[in-house]
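Peer 1: Model the structure of this input:
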Amino acid sequence: MTVAFFSGKRRRAAAALGAVSAGLLVLSACDKPTPLATVTVGTDSVHTEAACYNDGKAIKESLLQGCLTEKPAKTIKVAFDDKVRMGVDPEIADNGWTLLFGGQPVEQEPYKNSYRTIPGNAFFSSQTGEPTSKTAVSIMETKGKKVIGIWHFQFEKAS
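Peer 2: Predicted structure coming up:
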């Protein structure tokens, strides 16, 4: 003799509750993606998530140097006469972003728009004035004096 522990309605309700719980568990395991930064040269475009990002909060000082020296994951070729178009998500622009060449800031004040165009020749001279064939370019999101995120790109001189 078999005994039904649950009626049909209760089994369906339990199955639905189990499916919803499993779905929420899967969603909670996903990390929220970081905002994107994009570089476009002609018809070529690369974008990347942040190398370091703390959910919109300041990156700890102890982690900052490691973030700044991280190797770029994305590379794009740039000729001297190209126009380099750089874009960031609006939430990055709201706080302000600064360009870094080789880990060094190249501007005094953070930029507050989500898009800008820079001539390609600006990226290929070293601090000593010597021409270079590649440059590590970083975008650093700041909020006041605090660093919120860092994105890295490698620019290679196109022949």
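
Peer 1: who touches the residue nearest to Trp151 when sequence neighbours are not counted in this structure?
Peer 2: Spatial nearest neighbour of Trp151, excluding adjacent residues (CB to CB, 6 or more residues apart in numbering): Ala37 at 3.9 Å. Every residue, glycine included, has its C-beta placed from N, CA and C. Neighbouring residues of Ala37 by CB atoms under 8 Å, 6 or more residues apart in numbering: His47, Thr48, Ala50, Met86, Gly87, Val88, Asp89, Ile92, Ile139, Trp151, Phe153.

Peer 1: can you tell me the helix or strand for Ala37?
Peer 2: In this assignment (DSSP states H and E), Ala37 forms part of strand 36-41.

Peer 1: what packs against the very next helix or strand once past that strand?
Peer 2: With elements assigned by DSSP H and E, the helix or strand that comes after strand 36-41 is strand 44-49. Packing partners of strand 44-49 (3 or more CB pairs under 8 Å, 6 or more residues apart in numbering; DSSP states H and E): strand 36-41, strand 74-78, strand 146-157.

Peer 1: how many neighbours does Lys134 have?
Peer 2: Lys134: 15 surrounding residues under other CB atoms under 10 Å.

Peer 1: hang on, isn't it packed against Phe155?
Peer 2: Yes: applying CB atoms under 8 Å, one finds Lys134 in contact with Phe155, separated by 6.4 Å.

Peer 1: before we move on, back to that, ok, the residue nearest to Trp151 to Glu109 distance?
Peer 2: 19 Å (CB to CB, to the nearest Å).

Peer 1: Thank you kindly, that will do.
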